[in-house]
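>>> Model the structure of this input:
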Amino acid sequence: MIQRNRYLEQLIRAKDNGLAKVVTGIRRCGKSYLLSEIYKKYLLKTGIKESHILYLGLDEDINAFLRNPLELGKYVRNFASQTEENYYIFLDEIQMVYTIVNPVLTGGKIVLAKKDDLETVSFVDVVLGLSRERNIDLYVTGSNSKMLSKDILTQFRDKATNINIGPLSFEEYFGYVGGYSFEVLQEYMQYGGMPLAVLKDKEEKRQYLIDLFETTYFRDIIEHNCLKKSESLDELCNIISHGSGQLLNAERISRTYLSKKHESLDPETINKYIGYFQDAFIIREAKRYDIRGRKEIGAARKYYFSDTGLRNSRLNFAFEDDGQMLENVIYNELIYNGYTVNIGTFDTVEDNEFGISVRKSNEIDFYAQKGNRKYYIQVSDNIQKEETKARELRPFMMARDNISKVLVLNKPIDEGVDEHGFIIIGAVDFLLRFIK
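Coordinates of the predicted model:
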């Protein structure tokens with residue numbers, strides 16, 4: 001069994017808190033398994049009777065009648081009315097519950113709601129209603145954009161505990177597969193940590209990850225957002241994959257799209273499509289942060305995939321830059337460990353070759369904060385060349401403040417300190433120990 005202890009601990013802390021637990025995350029990252037296997041096993045160990053645990057897979061034909069929101073609410077309440085003790089209810093694939101017009105307005109008939117109907121009953125009403133029952137501790141998951149989108153999470157704000165899970169972190173992945181840690185990291189950088197991919201051989205992993213985009217993620221986004229075709233969405237995803245770890249904005253992407261497809265895609269549409277990818281938790285954005293002005297700045301962003309295997313599947317696993325993949329892994333692992341992560345940026349005034357003072361912009365890969373811990377982090381695949389080392393360390397030299405400065409290398413080396421007091425550390429040591 002693949003252990004997901006960090007998420008299990010979040011569920012344990014939220015147990016019996018009077019709110020629904022809404023487990024969100026990219027499709028196929030293990031939400032259902034977390035509840036039906038890992039968390040259920042924990043409940044049984046702590047003395048909860050199996051007869052007090054109800055798991056309903058709403059995508060199963062036997063439960064099709066429960067896709068009526070009113071029937072689902074009635075069924076669960078009847079189950080929990082046997083005694084006054086607590087009952088633990090798992091509703092998996094909650095998005096399968098359809099939205100109906102309020103039967104009060106239809107003479108009691110069940111009528112599927114249209115998009116612009118206002119008086120409706122949906123899975124949101126069921127979740128909020130059941131979570132208010134005194135002896136029901138409710139857990140729900142969903143596996144498509146309808147459930148995962150931010151507009152749904154907004155409706156649950158302050159009324160639910162949101163637990164967002166991702167593919168296996170490197171810590172989880174290494175804990176499961178074991179072996180020589182540096183080699184394991186290289187494989188993880190290439191194929192990521194989607195739970196079902198981990199169990200496959202390399203060729204099967206490649207095909208599985210490629211198919212996930214075509215048959216699952218794109219289809220969900222197209223259906224949820226009523227798009228007519230996927231070609232623009234597909235090409236935009238490829239552009240973001242190539243540009244992972246680079247500063248991007250809608251105008252730059254629009255120019256790249258024009259050069260590749262010889263047709264235009266306006267910035268407004270690009271921003272909308274990027275929002276769709278974010279809503280489905282496929283990518284995250286890292287914003288630029290002025291470390292001197294202490295504020296977020298500019299429209300340019302960096303985009304990182306929630307799983308490097310998914311990112312690489314868009315490039316047909318043609319690895320162009322190990323540094324980019326390592327940067328993506330480090331970003332994800334920092335988020336997994338509870339850090340707030342931005343791109344560090346600041347300006348300096350320096351003399352150019354003609355002795356004229358000019359303003360220069362400096363960029364640090366990551367400015368990571370967690371409580372009182374603050375780090376400037378540079379990520380590099382190799383600094384054997386003196387000019388590469390100088391380029392990577394320059395922002396540290398120019399920052400001139402007391403924040404810890406860390407250079408992470410894609411090498412199996414232990415932590416050390418250079419002549420400037422900067423921390424030099426291998427990626428594995430950084431991921432598995434340093435940021436904990």
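
>>> how far does stretch 73-92 sit from the chain's center?
Relative to the centre of its chain, stretch 73-92 is centred 31 Å away, using Cα atoms, centre = their mean, to the nearest Å.

>>> Report the backbone C-alpha coordinates of it in PDB.
As requested, the backbone C-alpha atoms of stretch 73-92 are provided in PDB (Å, rounded to 0.1, in the frame of the first residue of the first chain):
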ATOM      1  CA  GLY A  73     -29.800  13.100   1.000                       C
ATOM      2  CA  LYS A  74     -32.700  10.900   2.100                       C
ATOM      3  CA  TYR A  75     -30.600   7.600   1.700                       C
ATOM      4  CA  VAL A  76     -27.700   8.900   3.800                       C
ATOM      5  CA  ARG A  77     -30.000  10.300   6.600                       C
ATOM      6  CA  ASN A  78     -31.800   7.000   6.800                       C
ATOM      7  CA  PHE A  79     -28.500   5.100   7.100                       C
ATOM      8  CA  ALA A  80     -27.400   7.500   9.900                       C
ATOM      9  CA  SER A  81     -30.600   7.300  11.800                       C
ATOM     10  CA  GLN A  82     -30.100   3.700  13.100                       C
ATOM     11  CA  THR A  83     -28.500   4.900  16.400                       C
ATOM     12  CA  GLU A  84     -27.400   8.300  17.900                       C
ATOM     13  CA  GLU A  85     -23.700   7.400  17.400                       C
ATOM     14  CA  ASN A  86     -21.500   9.000  14.800                       C
ATOM     15  CA  TYR A  87     -21.600   7.800  11.200                       C
ATOM     16  CA  TYR A  88     -18.800   8.300   8.700                       C
ATOM     17  CA  ILE A  89     -20.000   8.900   5.200                       C
ATOM     18  CA  PHE A  90     -17.800   8.800   2.000                       C
ATOM     19  CA  LEU A  91     -19.400  10.100  -1.200                       C
ATOM     20  CA  ASP A  92     -17.100   9.400  -4.000                       C
END
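
>>> what does it rub up against?
Residues outside stretch 73-92 that contact it (Cβ atoms under 8 Å, 6 or more residues apart in numbering): 16, 32, 35-36, 40, 43, 48, 52-59, 66, 72, 126-127, 129-130, 133, 135-141. (C-beta placed from N, C-alpha, C; glycine too.)

>>> Which of those residues fall within helices?
32, 40, 43, 72, 126, 127, 129, 130 (DSSP state H).

>>> so how far is residue 385 from the residue lying closest to the second one once chain neighbours are set aside?
Setting aside the residues directly before and after it, residue 40 is nearest to residue 53 in space (Cβ to Cβ, 6 or more residues apart in numbering), at 6.2 Å. Here the distance between residue 53 and residue 385 works out to 59 Å (Cβ to Cβ, to the nearest Å).

>>> can you give me the helices for the stretch 151-300 of the chain?
170-177, 181-191, 195-198, 202-211, 218-224, 231-242, 250-261, 267-279 (DSSP state H, counting those that start in this stretch).

>>> between these, which gets nearest to residue 328?
Checking those against residue 328 by Cβ to Cβ gives helix 181-191 as the closest, at 8.0 Å.

>>> and the angle for that closest one with helix 170-177?
Per axes from the mean of the first three to the mean of the last three Cα atoms, to 10 degrees, the angle that helix 181-191 makes with helix 170-177 is 110 degrees.

>>> Could you give the average pLDDT over helix 181-191?
Helix 181-191 comes out with an average pLDDT of 96.

>>> And that helix, how far out from the chain middle?
20 Å.

>>> contact partners of it?
Contact with helix 181-191 is made by 170, 173-174, 177-178, 197, 202, 205-206, 209, 308-309, 312, 317, 319, 322, 325-326, 329, 411-412, 426-428, 431-432, as judged by Cβ under 8 Å, 6+ apart.

>>> pretty sure residue 406 belongs to a helix, no?
No - using DSSP: H, G, I helix; E, B strand; the rest coil, the secondary structure at residue 406 is strand, not a helix.

>>> what's around it, how many residues?
A count of neighbours around residue 406, defined by other Cβ atoms under 10 Å, yields 22.

>>> What is the burial count for the closest residue to residue 26 other than its chain neighbours?
Closest residue in space to residue 26, ignoring its immediate chain neighbours: residue 281 at 4.2 Å, by Cβ to Cβ, 6+ apart. Residue 281 sits with 23 neighbouring residues when counted by other Cβ under 10 Å.

>>> what's the answer for residue 39, then?
23.

>>> Flag the shaky bits of the stretch 101-250 of the chain, pLDDT-wise.
Low-confidence segments of the stretch 101-250 of the chain, defined by pLDDT under 70: 143-151, 153.

>>> switch to 90 and redo it
Within the stretch 101-250 of the chain, the ranges that satisfy pLDDT under 90 run 115, 142-159, 162, 199, 214-216, 219-231, 245.
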